[in-house]
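>>> Need coordinates for the below:
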Amino acid sequence: MIYTVTFNPSLDYVVHMETFLSGDINRADREMIYPGGKGINVALVLGNLHIPAKILGFTAGFTGREIERLAKKNGGDCDFITLEEGYSRINMKISADEETAVNGIGPDISEEKLQALLRQIEQIKDGDVLVLAGSIPADIPNDIYEQILRRIQGRNIRTVVDATGDLLKNVIKYRPFLIKPNNFELGELFSVDLHTDEEILVCAKRLQSMGARNILVSLGDDGALLLGEDEKIYRMQAPRGNLVNSVGAGDSMVAGFLAGFEASQGDLQEALKMGISAGSASAFQEWLASEADIQEIYKKIPK
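Residues are numbered from 1 along each chain as shown. Have a look, this model is predicted:
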């Protein structure tokens, strides 16, 4: 079983309009509402690929109930912890001549509820996979990812961390199975600008020497580079297509990688190919890609 954790899920309210005028009344041409959060996205794409995944995290209020309803409607297996006070956040994205986003704050998470989540994680069995994805709320200890990996250290649980900055850097010593920075996030970890594959590899190798097993660096429409724990370098281009929505593409890449790794019994080349297929397919859609969308892209990528 794969478990994903989303500390601060959201209702994503997406509106499309031809132009957006600040300080004026704007009317949407069309609108959509989705359950949001990196861990939720990973789990839903895994579900689309027939890989069981359970969604952990926190919800609150009527917005939290709607997040859970929509996640379940789209095939999600939810085991959220309900907070008695506050509301899960609403993130608004305005897609016009430019893209504008306003992200909500989210509810406070008490120490009691946080401990309840940690107990859930302790029940994960050997052979399972744990995905920690995204930022954390301000009232959560900034070492929470470290706390989680420390609790399961030494067990046969593959861990995936998709985060940025110190949240990522400080967990490398716990030897996560997979990390997925993009090239900008990777450069920020070492305060450098990365422009070439060679420069990216230098930083990826530093992270591997610090403990990370597989480093998957997403490169947008230029595909991805994977430094595998087998010490091989894998490089694959992304197929061309019309970018519709980049939100969720990276999460879809993580889901595709895990699905490809499982289906191929550990073939990193196949995992990368499925990761790029899923990430690209979601980028070309309004929301997360279906299995048919992913398979269509997969067939276009050379072996």
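>>> Nearest residue to the residue nearest to the spatial centre of the chain in space, please, no chain neighbours.
Nearest to the mean C-alpha position of the chain, counting by Cα atoms, centre = their mean, stands residue 251 at 3.3 Å. Closest residue to residue 251 apart from its sequence neighbours, by Cβ to Cβ, 6 or more residues apart in numbering: residue 41 at 3.6 Å. For every residue, glycine as well, the C-beta is placed using N, CA and C.
>>> Return the residues in contact with residue 145.
By Cβ atoms under 8 Å, 6 or more residues apart in numbering, residue 145 lies in contact with 132, 136, 161, 163, 167, 168, 170, 171.
>>> go with 6 Å
132, 167, 171 (Cβ atoms under 6 Å, 6 or more residues apart in numbering).
>>> How about residue 234, nearest residue that isn't a chain neighbour?
Nearest to residue 234 is residue 226, by Cβ to Cβ, 6+ apart, at 4.1 Å.
>>> just checking, the one you found is part of a strand?
Yes - under DSSP: H, G, I helix; E, B strand; the rest coil, residue 226 sits within a strand.
>>> Distance of residue 142 relative to residue 150?
14 Å (Cβ to Cβ, to the nearest Å).
>>> which residues sit in contact with residue 47?
With contacts defined as Cβ under 6 Å, 6+ apart, residue 47 is in contact with residue 75.
>>> Over to residue 223?
By Cβ under 6 Å, 6+ apart, the neighbours of residue 223 are 236, 237, 238, 276.
>>> That one and residue 199, how far apart?
16 Å.
>>> For stretch 295-303, give the mean pLDDT please.
For stretch 295-303, mean pLDDT is 87.
>>> what distance separates it from the centre of its chain?
Centroid separation for stretch 295-303 versus its chain: 22 Å, with Cα atoms, centre = their mean, to the nearest Å.
>>> Flag the shaky bits of the chain, pLDDT-wise.
By pLDDT under 70, the low-scoring segments of the chain are 303.
>>> residue boundaries of the strands in it?
Ranges of strands in the chain, per DSSP state E, are 2-6, 10-16, 30-36, 53-60, 77-78, 81-83, 89-95, 99-102, 129-133, 158-162, 178-179, 214-218, 224-227, 233-236.
>>> Report how many residues lie close to residue 92.
By the measure other Cβ atoms under 10 Å, the count of residues near residue 92 is 15.
>>> Kindly report the same for residue 56.
Neighbours around residue 56, by other Cβ under 10 Å: 22.
>>> Tell me the buried residues within the contacts of residue 223.
Buried members of these, counted by 16 or more other Cβ atoms under 10 Å: 236, 238, 276.
>>> so how far is residue 203 from the second one?
When Cβ to Cβ is applied, the distance between residue 238 and residue 203 equals 21 Å.
>>> any idea how far the residue nearest to residue 251 lies from residue 142?
Computed as Cβ to Cβ, the residue 41 to residue 142 distance reads 23 Å.
>>> residues in contact with the residue nearest to residue 234?
216, 234, 272.
>>> Among those residues, which one is most surrounded by other residues?
Highest neighbour count within those, by other Cβ under 10 Å: residue 216, with 28 neighbours.
>>> list the contacts for the spatially closest residue to it that is not a sequence neighbour?
Using Cβ to Cβ, 6+ apart and skipping the chain neighbours, the partner closest in space to residue 216 is residue 180 (4.5 Å). Residues near residue 180 by Cβ under 6 Å, 6+ apart: 162, 216, 254.
>>> if we can go back for a sec, so for residue 41 and residue 142, which sits in the more crowded spot?
For residue 41 versus residue 142, neighbours defined as other Cβ under 10 Å are more numerous around residue 41 (31 against 12).
>>> hang on, that one packs against residue 248?
Yes - in this structure, residue 41 is within contact of residue 248 by Cβ atoms under 6 Å, at 4.7 Å.
>>> From residue 200, how far out is residue 219?
8 Å.
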